[in-house]
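Asker: Got a predicted model here, sequence first, then my questions.
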Amino acid sequence: MSRRGVLGFVALMTASVIGGCAMPVAGPHDWDITSGQYDPKNLVYALVRLTPRTVDILAALNPQIAGEFPDKRGPEAVRFGVGDVLGITIFESGPGGLFISPQGGTAPGNYVTLPNQAVDDHGNISVPYAGTLRAQGRTAPDVQQAIVTRLKDTALKPQAVVSLVDQRASSYSVLGEVRGAGRFAISASGERLLDAIARAGGLQVQGNEAWIMLERDGRRALAPFGAVVDVPSNNIYVRAHDTIYVFREAQTFLAFGAVGVSSGGGVGSITVSTGTLGARGGQFPFDAWRITLSEALAKVNGLSDAVANPSSVFLYRGETRHVAELLGVDVSKFDGPIVPVIYNVDLRNPAAYFLTSKFEMRNKDVIYVSNASSVESAKLMSFVRLVVGTASDPISAANSALALKTALSGSAATATIIGTGVP
């Protein structure tokens, strides 16, 4: 191939690379993301710039049990329910009344203890001479007063004492990753979430990997265990019929693109490298119940000095339609309850580091850092040099072969002249 042909081939290959964007990259260029949707068949996403307002909105929406159950009352009085067993003692002012004989007999005092009464499936108990009384939903003083009211016309100044012998209805359940899962009776002094978990033997997993789900009256709230420990408002009082479920979920995030992860990638991570000008990334554990975007970037050793564009740091996350609307996203073009959102932060701006220090990561977040434009130019030049070298190799080989052939032909002619004796 002639040199002119080589140059034509190189020009053709370069034009095809530039026109077709065929240069190898670890992900989209920053202009691909910021320019928005260019293929209507692809998944639609929303681009949100990280601003103080954005960070404040998201901070107010972090998982909190207190926000879902705003009941801030203290311990509630224990109310009887179906299955509870009650002890009833009735006093009279003297012998000769309804329950105490005139002689007194062997009675230790002016009172009588009735057989234990179980609250039936209709919520009632039965007291001699008082008849059927409603117990379900009532406290001990309520039932005592009801008994006295029924007996006041037949007994001598009656008084009643009602106690809870076996509490079966007013209880809560603790399930999941605890050492002693079970059903526990509500304490009259009141118990908070952490008290209930301690009563069930405590956690079986590390606190930073534990989550608590509270179900009450058909509603559910979810929060990390650390949020209940660190934020006192989340440690709410347990109510009757609550279900507390503790489960383990190790939180991780993914990092791709021009991040500065070393070849080892750190503990618990998986890294891949695509060359000295390529990108590195992996999967990284939180190792805490919450971390910020700054801490996540620190876990991947920050941005790569050689290839990163600090203004093109992106975080991929799915947000609910409500949250997306609060962020100013036009949700009318999105289907389903989850809106794909890409957050962008410019780390060339010194103030941006304050924002990333307040922006909390979530489980399965994806961090992507785009390459700088100069890196793409360097890749293009390297590719052009590779194409030129590949195209020039046959010509160089042909020239070398021609030179060798010429040299060999000259040597053969000299040998012939010497053999014939011609001077």
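Answerer: Sure thing, it's come through.
Asker: How about the contacts made by V229?
Answerer: The neighbours of V229, taking Cβ atoms under 8 Å, 6 or more residues apart in numbering as the test, are L194, G207, N235. Where you see a C-beta, it was placed from the backbone N, CA and C, and this is true even at glycine.
Asker: Okay, it and L194: tell me how far apart.
Answerer: When distance is defined by Cβ to Cβ, to the nearest Å, V229 is 7 Å away from L194.
Asker: anything in contact with each of these two?
Answerer: Both V229 and L194 are contacted by N235, under the criterion Cβ under 8 Å, 6+ apart.
Asker: just to revisit the earlier point, in helices, which of the contacts of V229 appear?
Answerer: L194 (DSSP state H).
Asker: Just the buried ones from the contacts of V229, in ChimeraX syntax?
Answerer: Only the buried entries of those go into this ChimeraX selection, using 16 or more other Cβ atoms under 10 Å:
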select :194,235
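Asker: What mean pLDDT does stretch 244-262 get?
Answerer: Computed over stretch 244-262, the mean pLDDT rounds to 90.
Asker: List the buried residues in that stretch.
Answerer: Within stretch 244-262, the residues that count as buried by 16+ other Cβ under 10 Å are 244-246, 251-261.
Asker: so what pLDDT did S400 get?
Answerer: The predicted local distance difference test score for S400 is 68.
Asker: correction: V6
Answerer: In this prediction, V6 carries a pLDDT score of 49.
Asker: if I look at the nearest residue to G81 once chain neighbours are set aside, how far off is Y237?
Answerer: Ranked by Cβ to Cβ, 6 or more residues apart in numbering and with sequence neighbours excluded, the top spatial neighbour of G81 is A169, at 2.5 Å. In this structure, A169 and Y237 are 18 Å apart, going by Cβ to Cβ.
Asker: Could you pull up the mean pLDDT of stretch 96-114?
Answerer: For stretch 96-114, the mean per-residue pLDDT is 73.
Asker: tell me which residues form a beta bridge with A221?
Answerer: When bridges are assigned using DSSP bridges, the partners listed for A221 are L214.
Asker: How far does stretch 78-87 stretch from one end to the other?
Answerer: Stretch 78-87 has an end-to-end distance of 15 Å (Cα to Cα, to the nearest Å).
Asker: buried set for that stretch?
Answerer: V78, R79, F80, G81, G83, D84, V85, L86.
Asker: so which helix or strand takes in S370?
Answerer: Using DSSP states H and E, S370 sits within strand 366-371.
Asker: packing partners for that strand?
Answerer: Contacting strand 366-371 under the criterion 3 or more Cβ pairs under 8 Å, 6 or more residues apart in numbering; DSSP states H and E are the following elements: strand 252-257, helix 293-299, strand 308-320.
Asker: Give me the buried positions along the last one.
Answerer: Right, the one you point to is strand 308-320. A308, N309, P310, S311, S312, V313, F314, L315, Y316, R317, G318, E319.
Asker: quick one: which of the residues you listed is nearest A140?
Answerer: Each of those was scored against A140 by Cβ to Cβ, and E319 proved nearest at 49.4 Å.
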